[in-house]
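Chemist: predicted model and sequence below, questions to follow.
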Amino acid sequence: MIGENGVGKTTLLRLLMGADAGGLKPQHGTVKWTDKARPGYFAQDHAADFASDQTLTDWISGYVRAGGYEGGDVETLIRGTLGRLLFGGDEVKKAVKVLSGGEQSRMLFGRLMLLHSNVLVMDEPTNHLDMESIESLNTALEKFNGTLVFVSHDREFVSSLATRIIEIRQDGRIVDYRGSYDEYLASQGIEA
């Protein structure tokens, strides 16, 4: 999804996710996911997820259990997940409330992996990430077999992943283009 700031992209994603998942409840109607959908949400503003004194280990372990993992390998999975997110040693004992924006993003990606989401709803996932992290995220999302719905102002990121463009315009019109971002730009007479 693309469009200028303030046209409602974030609001639409929050409505898709619903109030139970940190989103919004629609004023009218309902949003219904198929029974097999396991949506995972990467919110643009995720500060509330990190407003506690929990350690990184405690925070991620809640999602290990929510993902259905049990038994003796849970501790190994927690350490392994934090390691893949580039947290090791004593760093895993620090409180989540002191994480930088990029570190918070990495923890949220870990949560999405552990919850086995088959639908990813992501609002500006490249914000706060360095180039190496953006490249890693891009590679992971290219390999993702589920459905990806995302908002981004990062043209390169959109170009590399999008197979359908939904543009929300200031006048309220919605353009639904089935094709790549570069094809969409060309259809609008804009050079990529």
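Modeler: Cool, the structure landed. Numbering: from 1, shown residues only.

Chemist: is the residue lying farthest from the centre of the chain within a helix or a strand, and which one?
Modeler: Centroid-distance maximum for the chain: Gly189 at 30.4 Å, with Cα atoms, centre = their mean. Using DSSP states H and E, no element contains Gly189; it sits outside every helix and strand.

Chemist: so how far is Lys25 from it?
Modeler: Distance, Gly189 to Lys25, using Cβ to Cβ, to the nearest Å: 39 Å. Where C-beta positions appear, they are placed from N, C-alpha and C, glycine not excepted.

Chemist: same check on Asp182?
Modeler: For Asp182, the distance to Lys25 - Cβ to Cβ - is 37 Å.

Chemist: more crowded one of those two?
Modeler: More neighbours surround Asp182 than the other of Asp182 and Lys25, with 15 against 11 (other Cβ atoms under 10 Å).

Chemist: where exactly do the strands run in this protein?
Modeler: 39-42, 119-123, 147-151, 164-168, 174-178 (DSSP state E).

Chemist: contact partners of the last one?
Modeler: Contacts with strand 174-178, where a contact means Cβ atoms under 8 Å, 6 or more residues apart in numbering, come from Thr163, Arg164, Ile165, Ile166, Glu167, Ile168, Arg169, Glu183, Tyr184, Ser187.

Chemist: one step back: nearest to Arg111, out of the strands of the chain?
Modeler: Nearest to Arg111, of all the strands of the chain, is strand 39-42, at 7.5 Å by Cβ to Cβ.
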